[in-house]
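> whatever this is, show me its structure:
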Amino acid sequence: MKMLLPAVLVASTLVAGCGDRTQRPPNLIVIFADDLGYGDLSVQGHPTIRTPHLDKMANEGLRFTQFYTGASVCTPSRAAILTGRLPVRSGMADDRVRVIFPPSQGGLPADEVTLAEMLQEAGYATGIIGKWHLGHQEGHLPTDHGFDYYYGIPYSNDMSPATTSWGRAQTYPPLPLMRNAQVIEEEPNQRYITRRYTEEATAFIERHAERPFFLFVPHSMPHIPIFASDAFEGTSARGLYGDVIEELDWSVGEILASVREAQLENNTLVVFTSDNGPWLTVNIAGGSAGLLKDGKGTTWEGGMRVPMIAWWPGTIQPGGVTDALATTMDLFATAAMMADVAAPEDRILDSIDLMPVLEDPDAAVRNTVFYYRGTRLFAVRNGPWKVHYITQSAYVGDAPVVHEAPLLFHLDRDPSERFDVAEDYPDTVAAIGALAQAHRVRLVAAPSQLRIPEWE
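So this is what the prediction gives:
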């Protein structure tokens, strides 16, 4: 186990613990959808997708309206949430490949400290149910990175000769369903994958009700190809995509019910969010970013701003909505504060404790967000202002556009990023440029772990 020492945080330092709310440290459950858009839930304004359990979770908890993922594609986004660091720092960002494919021998470096390792050392039971996508070879599995228990598919559900017709996937091995380090099934029926993940998650909660636990539930859905079980297929007005989201909503309801049945609701923080924005280039099989621009794979708001609902009865006041800036990386510092444990001091963390916001929706803990695509800094947000230095639309296809004159948007007034006001606010562009330059100077980028020589 890696030695964990007091943390040095960017823009925030961990201070005293949260207080003795109960006789044991709080539990943490993070539910992480795949390619779910900002506008895909009824509580987020979707007109035909019904998400009553998530709506209720928001009514009983706190909904974030300006919450960001660490990257706009799968692998680096997962590295960000689990390490509390920009993926460029851990080597899980690559300009050429972007995500790990089955031929890769790489994965999350062994010297990275994950949220699971930090809490495991503090005596937590740790489990992951779902999609990993941070390395599937020996030495790179969840059980090598602090998780006591793993059940799921180690990479995206389309990386299989049985579920996709695109190019090189035809040469991949059968899609594996794993328990810990063992493949227990090949090409599982994906119509039932959400249900099976949910059953495993609720069983994990039941097994560990008597001790602190961290449960990470990174769903495979709604990443394409999308599937829904018999109970949900054909039930949504939105079509199959709506069926899939409504089954995910059911899953959230089952997990929250399990927490209540174990009488742990007052001692458990449950977070629901997404790894990135919707995959718009797959047309009707993809979701919606609502009023936000573009989607997965981009650093426009639709690619990196995602739904986020936090639920913790007795700590979070019901029915709150916050416009505080926050990121998935901030869950690392938040967990350290909740559990009153030390975080690593030998590396920079891009993580800020969210407890002040959870306790008071009007609080603010973060003022700046950095938007990366691969290893390149594409944009910076500071307060309501966002500067784009490079833009690129769509997950695949078009080339990035470098803007000699940066674009500037006021996101409170123009969340759809339609009106470039750089000419009207040159001082704001210059001030954010200085922040970007200071960030570049401090950045210590790791060599990429994703190199796949045969990939073109």
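
> name the helix or strand for Leu377, please.
Leu377 is part of strand 376-382 when elements are defined by DSSP states H and E.

> quick check on the nearest residue in space to Gly290 that is not next to it in sequence: phi, psi?
Ranked by Cβ to Cβ, 6 or more residues apart in numbering and with sequence neighbours excluded, the top spatial neighbour of Gly290 is Gly39, at 2.6 Å. Any C-beta I mention is one placed from the backbone N, CA and C, and that applies to glycine too. Backbone dihedrals for Gly39, given as degrees, to the nearest 10, come out at phi -100, psi 20.

> quick one: residues contacting Gly39.
With contact set as Cβ atoms under 8 Å, 6 or more residues apart in numbering, Gly39 has these partners: Gly45, His46, Gly287, Ser288, Ala289, Gly290, Leu291, Leu292.

> out of these, which one sits closest to Asp144?
The nearest member of these to Asp144, counting by Cβ to Cβ, is Gly287 at 32.2 Å.

> wasn't Thr126 part of a strand?
Yes - when classified by DSSP: H, G, I helix; E, B strand; the rest coil, Thr126 is found to be part of a strand.

> any idea how far Ala257 is from it?
Between Thr126 and Ala257 the distance, using Cβ to Cβ, to the nearest Å, works out to 22 Å.

> the more surrounded of these two?
More crowded of Thr126 and Ala257, by other Cβ atoms under 10 Å: Thr126, with 28 against 13.

> which residues does that one form beta bridges with?
Here Thr126 sits in beta bridges with Phe214, going by DSSP bridges.

> tell me how far it lies from Phe204.
When Cβ to Cβ is applied, the distance between Thr126 and Phe204 equals 10 Å.

> what do you get for Pro161?
Separation of Pro161 from Phe204 (Cβ to Cβ): 31 Å.

> same question, Leu82
Here Leu82 is placed at a distance of 17 Å from Phe204 (Cβ to Cβ).

> so which of these two has more stuff around it?
Neighbours of Leu82 and Phe204, each counted by other Cβ under 10 Å, are more numerous for Leu82; the result is 34 against 24.

> ok, then the element right after the helix or strand where that one lies?
For Leu82, the element it lies in under DSSP H and E is helix 74-83. Sequence order places helix 87-90 as the next helix or strand after helix 74-83, per DSSP H and E.

> now do the very next helix or strand once past that following helix: which elements does it pack against?
Elements were assigned by DSSP H and E; along the chain past helix 87-90, the next helix or strand is helix 115-121. Contacting helix 115-121 under the criterion 3 or more Cβ pairs under 8 Å, 6 or more residues apart in numbering; DSSP states H and E are the following elements: helix 74-83, strand 125-129, strand 213-218, helix 330-339.

> surely Asp122 meets Pro26?
Check again: residue 122 is Ala, not Asp. No - with contact taken as Cβ atoms under 8 Å, Ala122 and Pro26 are classed as non-touching, separated by 11.5 Å.

> settle it for me: which of these two has more neighbours?
Counting neighbours by other Cβ under 10 Å for Ala122 and for Pro26 shows that Pro26 has the greater number, 20 against 17.

> which residues touch the more buried one?
Cys18, Pro212, Asn267, Thr268, Leu269, Trp312, Met338, Ala339.

> what about the second one, how many neighbours?
Put plainly, it is Pro212. As a burial measure, Pro212 scores 21 neighbours (other Cβ under 10 Å).

> what's the overlap in contacts for Thr126 and Phe204?
Contacts common to Thr126 and Phe204, judged by Cβ under 8 Å, 6+ apart, are Tyr149, Phe213, Leu215.

> with adjacent residues omitted, what lies nearest to the second one?
Spelled out, it's Phe213. Excluding the flanking residues, the one nearest Phe213 by Cβ to Cβ, 6+ apart is Ala125, at 4.2 Å.

> so for that neighbour, what's the pLDDT?
The predicted local confidence for Ala125 comes out at a pLDDT of 98.

> okay, it and Ala335: tell me how far apart.
When Cβ to Cβ is applied, the distance between Ala125 and Ala335 equals 14 Å.

> ditto for Pro174
Between Pro174 and Ala335 the computed distance is 35 Å (Cβ to Cβ).

> of those two, which one has the most company?
In terms of neighbours (other Cβ under 10 Å), Ala335 is the more surrounded of Pro174 and Ala335; the figures are 27 against 13.

> tell me the pLDDT at the more buried one?
Among the per-residue scores, Ala335 shows a pLDDT of 98.

> report the contact partners of it.
For Ala335, the contact set (Cβ under 8 Å, 6+ apart) comprises Leu28, Leu115, Met118, Leu119, Phe214.

> for those residues, which one is nearest Pro426?
Nearest to Pro426 among those, counting by Cβ to Cβ, is Leu115 at 40.9 Å.
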